[in-house]
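I'll drop the sequence and a predicted model, then ask my questions.
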Amino acid sequence: MAWVAPAVWTEPEFPREPPRAPTSSRPDSITMANALRSMTGFGAATVAGKGVSVQVEVRSVNHRHLQAKLRMPPDLGHLESQVDALVRKQLSRGAIQLSARVTHASDELPACVHKDVAAAYLRSLKALASELKLKGDLELADLVRLPGVVSAPEKDLDLEGMSKLVLRATTLALRDLVQMREEEGAAMAKDLASHAAAIAKIHKSIQRSAPGLVRRHQADLKRRVSELLDGNETVSSRDLAREMALLGDKLDVSEELSRLEAHLQQLDRLLAKGGAVGRKLDFLAQEFNREANTIGSKCNDARTAHAVVELKTQIERLREQVQNVE
C-alpha cells in the first residue's frame, strides 16, 4: 500500500494569547516495540518430499474479525482444524483465503494403456456389429474412452508424510504473509504518525486561541446589551456577570481540547506498541471525531471553524488508514 502524505495545513492567523509553557508530553518520534501490520497481503511456500510436492498460498484482505476460508486436497480434509489453528496463531484480523495443492511425481508420468482390455473391447464390439449387421468403423478416440482402457499411474499415498508437508508449507506461507503485512504496516505507521502530528498542530492552534475567543464573545455580549438598553434601563452587574459566565461555559472547549490531547497521547502509545491494535485505533479515531464535532459546535468564530474543518479532514484521513490496520 503506497504511503500518501497528508495535505499541508496552514495555521490561520488567530489573535495570540501570551505564550505559555507547553503541556504536551507527545514524543517527537515513535519507536515501535512490535511492527504494525496491514490486513492485506499474500504469502506462498512450496515444500517437497519423497515423490510429492506441496504448495500453499494464502491471501488476506480487510475484515472486522478473523475469517479463514481453507481449501484442502480431498485426501487431507482432516487437516483443516490444524491449519485453522496455525492461521489463528499468527493472525488476529482479516479475511483469509488459504489453498493447499499436492503434486505427485506420478502425475507427470504417462497414462497406463491396458492393451488386453482394449483388445477384448474390440473383439466384443466387432462381434456385436457382425451379429446385428451394423455398419461403421470404430475410432480410437471411442475406444480409449471406454472404462479400464486408460488409467492414471498409481499413486503411493503416504498421508502422514503429506500431512507434515502441508503443515510445514502452511507455516512458511503464513510467515511470508506476515512479513508482507508488516512491511505495509511500517508505511502505514509513518502515515498515521504524520496525521497525528497534523492533528496535534491544529489542536495547539485552537488551544492558544480559545481563551481569547471566549473573552471576545463576552465583550460583544456586554456591548450589545448596552446598545439595546441605550440608557433606558439598567442591568445589575450581578445579572450581567452571570450571563457572561454562562456564555463562557457554553463556549469553553478546554475539556474537549484536554481529551483530544489525551487521545493523541494514547495514539502515540498504540503506534509505539505496534502489533494487533487496529480495533483500538479505530475507537480512538471515533473519539477524535467526537471531540472535533463538539469543538465545532461551540466555536462559531470563522477562523476557529476553518481550523475545525482542517482538523476533521485530518481525522478522516487517519480513520481511513486505520481501517487497514490489523
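Thanks, I have the structure now.

Output the below-cut-off pLDDT ranges for this protein.
Low-confidence segments of the chain, defined by pLDDT under 70: 1-33, 105-110, 152-157, 211-251.

which non-adjacent residue is nearest Leu260?
Spatially, and ignoring its direct neighbours in sequence, Leu260 is nearest to Glu291 (4.6 Å; C-beta to C-beta, 6 or more residues apart in numbering). Placement of C-beta: from N, CA and C, glycine included.

can you pull the contacts of the one you found?
Applying C-beta atoms under 8 Å, 6 or more residues apart in numbering to Glu291 gives the contacts Glu256, Leu257, Arg259, Leu260, His263.

For the buried ones among these, write the corresponding PyMOL selection.
This is how PyMOL selects the buried members of those, with burial counted by 16 or more other C-beta atoms under 10 Å:
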select buried, resi 256+257+260+263
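
What is the distance between the host helix or strand of the residue nearest to Leu260 and the centre of its chain?
Glu291 belongs to helix 278-298 when elements are defined using DSSP states H and E. Its chain's C-alpha centre and that of helix 278-298 lie 19 Å apart, by C-alpha atoms, centre = their mean, to the nearest Å.

What are the buried residues along it?
278, 280-281, 284-285, 287-289, 291-292, 294-296, 298.

now do stretch 181-200
So for stretch 181-200, counting by 16+ other C-beta under 10 Å, buried means 181-182, 184-189, 191-196, 198-200.

What of stretch 122-141?
Under 16+ other C-beta under 10 Å, stretch 122-141 has no buried positions.

again, but for stretch 37-55
Arg37, Ser38, Met39, Thr40, Gly41, Gly43, Ala45, Val47, Val52, Ser53, Val54, Gln55.

Filter the residues you listed down to the ones in strands?
Those of these mapping onto strands are Gly41, Gly43, Ala45, Val47, Val52, Ser53, Val54, Gln55, per DSSP state E.

The first one and Glu184 touch, don't they?
The one in question is Gly41. Yes - counting by C-beta atoms under 8 Å, Glu184 is a contact partner of Gly41 at 6.8 Å.

that older thread, among the ones in strands among the buried residues of stretch 37-55, which one sits closest to Gln323?
Gly41 (15.3 Å; C-beta to C-beta).

which residues does the closest one contact?
By C-beta under 8 Å, 6+ apart, the neighbours of Gly41 are Arg59, Ser60, Leu177, Val178, Met180, Arg181, Glu184.

one more time with 10 Å, if that's ok
1, 58-61, 91, 94, 96, 176-185, 326 (C-beta atoms under 10 Å, 6 or more residues apart in numbering).

Tell me the bridge partners for it.
Ser60 (DSSP bridges).
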